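>>> Any chance you could fold what I've pasted below:
(2 chains)
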Amino acid sequence: DAGVIQSPRHEVTEMGQEVTLRCKPISGHDYLFWYRQTMMRGLELLIYFNNNVPIDDSGMPEDRFSAKMPNASFSTLKIQPSEPRDSAVYFCASSWGTGGNQPQHFGDGTRLSIL
Amino acid sequence: DQQVKQNSPSLSVQEGRISILNCDYTNSMFDYFLWYKKYPAEGPTFLISISSIKDKNEDGRFTVFLNKSAKHLSLHIVPSQPGDSAVYFCAAGDYGNNRLAFGKGNQVVVIP
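Numbering: from 1, shown residues only, chains lettered A, B, ... in the order given. Prediction:
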């Protein structure tokens, strides 16, 4: 079975540029989560969707970040304009329901470097 | 504020011996806890979970213990194998908001 697929795996761009990260969740999963991992803060939840609807975006750092889920098989996380402090690994995860019996399945992440 | 804390960031253990990873949390409202394993350049992979109404859950070589009064849980891996060398994350969630809080991870190195 295909897992969560993220693209690109690596992105290097200059500050001020727009960055778009993509995620394809596992088919049938109705929850989708975007995380950011940094050395200082560890894994932080940015936003999550349920049935394509954003439920909680309280972790989105500022207005430069936006996320969409136009359909059940695709989501994007966009940063515009990007800044060096946005450099991190961004993970997408999906799950069928929530709770300990419905663990989140993670993609392999996008390593983002803003110069 | 870090609701889930993992101290002792790295652990080295001989193959065949027991690995014990610890995790403390501050929010008494957490309903369930999970452990994830992460290899370099890959995403975290679910390992085992436990409900707040239980004090132990076992799956093969992996056992998680929960002490609610101490707000503490631990993961035991026995026997440890070289393939267990990875970073282990503790996570906690509650059914009220569907968010998971993660610890910063423990690096485990199993020496053959």
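>>> check contacts around the closest residue to A:Glu18 other than its chain neighbours.
Nearest residue to A:Glu18 in three dimensions, chain neighbours excluded: A:Gln80, at 4.2 Å (Cβ to Cβ, 6 or more residues apart in numbering or on different chains). To be clear about C-beta, it is placed using only N, CA and C from the backbone, and glycine gets the same treatment. Applying Cβ atoms under 8 Å, 6 or more residues apart in numbering or on different chains to A:Gln80 gives the contacts A:18-19, A:64, A:66.
>>> which of those residues count as buried?
Buried members of the contacts of A:Gln80, scored by 16 or more other Cβ atoms under 10 Å in any protein chain shown, are A:Val19.
>>> got JSON lines for the contacts of A:Gln80, with secondary structure and pLDDT too?
Output for the contacts of A:Gln80, formatted as JSON lines (DSSP: H, G, I helix; E, B strand; the rest coil; pLDDT from 0 to 100):
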{"residue": "A:Glu18", "secondary structure": "coil", "pLDDT": "97"}
{"residue": "A:Val19", "secondary structure": "strand", "pLDDT": "97"}
{"residue": "A:Arg64", "secondary structure": "coil", "pLDDT": "95"}
{"residue": "A:Ser66", "secondary structure": "strand", "pLDDT": "97"}
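>>> Out of the contacts of A:Gln80, the closest to B:Leu11 would be?
A:Val19 (35.6 Å; Cβ to Cβ).
>>> beta partners of that closest one?
A:Ile79 (DSSP bridges).
>>> how close does it get to A:Ile114?
8 Å (Cβ to Cβ, to the nearest Å).
>>> Need the residues touching each of the two.
Counting by Cβ under 8 Å, 6+ apart, the shared contacts of A:Val19 and A:Ile114 are A:13, A:82, A:86.
>>> Buried members of those into ChimeraX, please.
Selection of buried members from the shared contacts of A:Val19 and A:Ile114 for ChimeraX, criterion 16+ other Cβ under 10 Å:
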select /A:82,86
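>>> which of the shared contacts of A:Val19 and A:Ile114 are close to chain B?
For chain B, no contacts are drawn from those by Cβ under 8 Å from any Cβ of the partner chain.
>>> Among the shared contacts of A:Val19 and A:Ile114, which ones are in helices?
Using DSSP state H, no member of the shared contacts of A:Val19 and A:Ile114 sits in helices.
>>> Output the shared contacts of A:Val19 and A:Ile114 as CSV; include the columns pLDDT.
Converted to CSV, the shared contacts of A:Val19 and A:Ile114 look like this (pLDDT from 0 to 100):
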residue, pLDDT
A:Thr13, 96
A:Ser82, 96
A:Asp86, 96
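>>> Now intersect the shared contacts of A:Val19 and A:Ile114 with the strands, please.
Within the shared contacts of A:Val19 and A:Ile114, residues falling in strands by DSSP state E are A:Thr13.
>>> Quick check: bridge partners of the closest residue to B:Gly105 other than its chain neighbours?
In this structure, B:Gly105 finds its nearest non-sequential neighbour in B:Val87, 4.4 Å apart by Cβ to Cβ, 6+ apart. In this entry, B:Val87 is beta-bridged to B:Lys38, B:Gln107, by DSSP bridges.
>>> give me every residue that touches B:Val87.
Counting by Cβ under 8 Å, 6+ apart, B:Val87 touches B:37-39, B:105-108.
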